[in-house]
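>>> With the sequence up front, the predicted model follows.
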Amino acid sequence: MYFELLTKDIRLREGLKACMNCGVCTGVCPSAEFYDYDPRQIVCIVQSRDDEQIEQLLKSDRLWYCGECMSCRPRCPRGNTPGYIIQALRTLSQQLGFFTESEKGRQQLAIKRVIGHHILEKGYCITPRLVAPAMHPEQGPVWDWAVGNDTDFWTKFSPNYRGAGAGALREIDSDAIAEINRIFEVTGGKDFFDTIEAASDRKARQMGFDGADESYVNHTYTFNSGNHGA
Ligand code: SF4
Ligand code: SF4
């Protein structure tokens, strides 16, 4: 069943020819160095078409360790792309609500609420002003300065920064934003977002929160079981 669902995704069809389990993808994978993670095993499980094992994978932390760098793509001697297979698995995990069963998977809600919201509201995944220094201490004190002086700073790279008309990091006009929203509606993007919200809300209540509120989102981003290392 799960394999058939996965084959509806072009990334699975493009990414999985026939794996011979050589392990080259794992050897070049940067995530495998730091996490309990092995793309060879993931490809092997998908190729086996074993529903039980695929379901475990869809509910596991392993699915969310891939950095999507695609270093595995040019290296596979069989022309597979484990990174694409993992992308297809992630989408299925989200569609089925299974992502809420893993610590790393639950973080998908925050990505939907931040990146998803920015796309629909601003027309960008992210812009400098959307990376608030208080929420991103990893950016260091330089970032605080860069955001505070963003117009002076980014106009050196993009003269039309936050301006009307053409150019990188321009303000996206309201007609274009409305069109982006219509595209999300017509293509099922908004339903997909709703699915992530609904599954997260169910899980949050199971975990003792009052639904998928801010405290739940903060929990998903601050709690670390410490069970992720290689
Ligand atoms: S490199 Fe290709 S053939 Fe080798 S284990 Fe990875 S996916 Fe399979
Ligand atoms: S795309 Fe994912 S699986 Fe492939 S090398 Fe990068 S991190 Fe590893």
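Perfect, I can see it now. Ligands and ions are numbered 1, 2, ... in the order given.

>>> drop to CA atoms for contacts and neighbour counts, all remaining ones
Noted.

>>> where's the residue of the chain most remote from its centre relative to ligand 1, distance?
The outermost residue of the chain relative to its centre, with distances by CA atoms, centre = their mean, is Asp152 at 31.6 Å. Per CA to the nearest ligand atom, to the nearest Å, Asp152 is found 46 Å from ligand 1.

>>> What distance do you get for that residue to Gly27?
44 Å (CA to CA, to the nearest Å).

>>> what does the chain put close to ligand 2?
Residues of the chain lying close to ligand 2 by CA under 6 Å from any ligand atom are 29-31, 39, 66-72, 82-83.

>>> So Arg73 is in contact with Pro39, correct?
No - assessed by CA atoms under 8 Å, Arg73 is found out of contact with Pro39, at 11.5 Å.

>>> if I look at these two, which residues touch both of them?
Cys25, Pro82 (CA atoms under 8 Å, 6 or more residues apart in numbering).

>>> between those two, which one's more packed in?
Comparing Arg73 with Pro39 by other CA atoms under 10 Å, the one with more neighbours is Pro39, at 27 against 17.

>>> Give me the nearest residue to the more buried one, chain neighbours excluded.
Leaving aside its sequence neighbours, Pro39 sits nearest to Thr26 (CA to CA, 6 or more residues apart in numbering; 5.6 Å).

>>> hmm, the helix or strand encompassing the one you found touching ligand 1?
Secondary structure from DSSP states H and E places Thr26 in helix 24-28. Yes - on the criterion CA under 6 Å from any ligand atom, helix 24-28 is in touch with ligand 1 at Val24, Cys25.

>>> tell me which element the residue farthest from the centre of the chain falls in.
Asp152 belongs to helix 150-154, assigned by DSSP H and E.

>>> thought Ser93 was touching Leu58?
Yes - using CA under 8 Å, Ser93 is in contact with Leu58, at 5.2 Å.

>>> Comparing the two, which residue is more hemmed in?
Leu58 (28 against 22).

>>> picking that back up, what's the closest of the residues of the chain next to ligand 2 to Ala198?
Nearest to Ala198 among the residues of the chain next to ligand 2 is Cys66, at 24.7 Å by CA to CA.
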